[in-house]
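1. Sequence first, predicted model second:
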Amino acid sequence: MKKMMLFYVSAMLVSALTVFSTAEDAVKIKALILDGQNNHNWKATTPVLKSIYEKSERFVVDVATAPPSGQDMSIFKPDFSKYDLVVLNYNGDKWSQETCDAFEKFVAEGGGVVSYHAADNAFTDWKEYNLMTGLGGWGGRNEKSGPYVYVELGQGIRKIVYDNSPGDGGHHGPQVEFLVKTFSSEHPIMKGLPEAFLHVKDELYCKMRGPGENMSILGTADSKKEERGSGREEPLLIAITYKKGRIFHTMLGHDVPQCRCVGFQTTLLRGSEWAATAEVTIPCPEDYPTATQTSIRE
Ligand code: ZN
């Protein structure tokens, strides 16, 4: 009799656990990475991004790959409505009007977006896209794209400068290690993270310009003149709202070695979670880089 009871109890436990894990899967964030064209190594970085997301156990990830440059883009029609989050690893030919409209609708209705590294080089003339990414560079950007946005120290306070001087947008010097400093420590993405982390050798984007509307600067780095930078404190991690949608924009992660930085990965995951759900539950990991020591995961 006792044995029988034990059997029933353990059977019940197993079925409870099964239900639990199915329920857990159901609450995972459904993400879609877009790639297919880029002046960067998207064929190598997309699998790395996918693996970062999946290892966190907070996301399930699909990939939609656009046709190569110059080919018929009308066949590229991802079904955004199936996802909570769209991750942009794309910098290339304009999508079809139908796909652009569907993407705008997805974000306007509350969809989350991550703009990853060179995605902010894309689509200079697509106004709504630039409102979503907040800041962009290259691709013929200039004062018509919006102000340069950077941080300046005045009377002991770091304040945001919107600088309308003419000039092109987007620049970086040779790759260097640099300190990524928190700007908005109360924003859910940054709250509870150390004030700064040393990032591995990467491009330090500077002189970015754009509409910069509805934007919070989350993290910055000093772009040094002696490293062929702007001499300014430049925004590198930003959060934007567009209608009901939320966008996390990271300018870090030029190629695979840069994506191995635990600071890159942690801010990416937390930013992605915020974009998709407005909340952040992913904790700061024990191997997070310090202000003087980089940290990578193979
Ligand atoms: Zn790059």
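-> Ah, there it is. Numbering: from 1, shown residues only.
2. CA atoms for contacts and neighbours, from now on please.
-> OK.
3. The closest residue to residue 173 other than its chain neighbours: neighbouring residues, count only.
-> Spatially, and ignoring its direct neighbours in sequence, residue 173 is nearest to residue 228 (4.9 Å; CA to CA, 6 or more residues apart in numbering). Using other CA atoms under 10 Å, residue 228 has 12 other residues around it.
4. Got the confidence number for residue 2?
-> Confidence at residue 2, expressed as pLDDT, is 50.
5. mind listing the helices for this protein?
-> Remark: helices assigned in the chain by DSSP state H are 2-26, 42-55, 97-108, 127-133, 256-259, 262-277.
6. Residue 209 against residue 140, yeah?
-> No: with contacts defined as CA atoms under 8 Å, residue 209 does not count as touching residue 140, sitting 11.2 Å away.
7. Looking at those two, which one has more neighbours?
-> Ranked by neighbour count (other CA under 10 Å), residue 209 and residue 140 place residue 209 first, with 29 against 13.
8. Identify, by residue count, the longest strand of the protein.
-> Taking DSSP state E as the assignment, the strand of the chain that covers the most residues is strand 233-242.
9. what residues does it touch?
-> By CA atoms under 8 Å, 6 or more residues apart in numbering, the list of residues contacting strand 233-242 from outside reads 107-108, 131-134, 149-152, 204-207, 213-223, 246-252, 271.
10. contacting residues around residue 177?
-> Going by CA under 8 Å, 6+ apart, residue 177 touches 198-202.
11. at 10 Å what do you get?
-> 198-204, 294 (CA atoms under 10 Å, 6 or more residues apart in numbering).
12. What of residue 60?
-> Contacts of residue 60 by CA under 10 Å, 6+ apart are 25-32, 50-51, 53-54, 83.
13. 8 Å instead, please
-> For residue 60, the set of contacting residues under the criterion of CA under 8 Å, 6+ apart consists of 28-31, 53-54.
14. And these, which is closest to residue 97?
-> When the contacts of residue 60 are ranked by distance to residue 97 (CA to CA), residue 31 comes first, at 22.3 Å.
15. ok, that closest one touching residue 83?
-> Yes: counting by CA under 8 Å, residue 31 touches residue 83, with 5.7 Å between them.
16. Show me which of these two is the more surrounded one.
-> In this view residue 31 and residue 83 are compared by other CA under 10 Å, and residue 31 has more residues nearby, 25 against 19.
17. Distance of the more buried one relative to residue 270?
-> Counting by CA to CA, to the nearest Å, the gap from residue 31 to residue 270 is 14 Å.
18. can you check residue 103 too?
-> Residue 103 is 22 Å from residue 270, where distance means CA to CA.
19. try residue 233
-> Counting by CA to CA, the gap from residue 233 to residue 270 is 23 Å.
20. Please apply the same query to residue 192.
-> Per CA to CA, residue 192 is found 11 Å from residue 270.
21. When those two are compared, which one has more neighbours?
-> With other CA under 10 Å as the criterion, residue 192 and residue 270 differ in neighbour count, and residue 270 comes out ahead with 21 against 12.
22. Pull the contacting residues for the more buried one.
-> Residue 270 makes contact with 189, 280-282 under the criterion CA under 8 Å, 6+ apart.
23. before we move on, what about residue 272?
-> Residue 272 sits next to 85, 112-114, 248 when contact means CA under 8 Å, 6+ apart.
24. Which of the residues you listed sits closest to residue 42?
-> Taking CA to CA as the measure, residue 42 sits nearest to residue 114 out of the contacts of residue 272, at 15.0 Å.
25. Excluding residues flanking it in the chain, which one is nearest residue 123?
-> Using CA to CA, 6+ apart and skipping the chain neighbours, the partner closest in space to residue 123 is residue 94 (6.7 Å).
26. For burial, what's the neighbour tally of residue 257?
-> The burial count assigned to residue 257 is 16, neighbours taken as other CA under 10 Å.
27. so what's residue 197 up against?
-> Here residue 197 is in contact with 179-181, 263, 288-294 (criterion: CA under 8 Å, 6+ apart).
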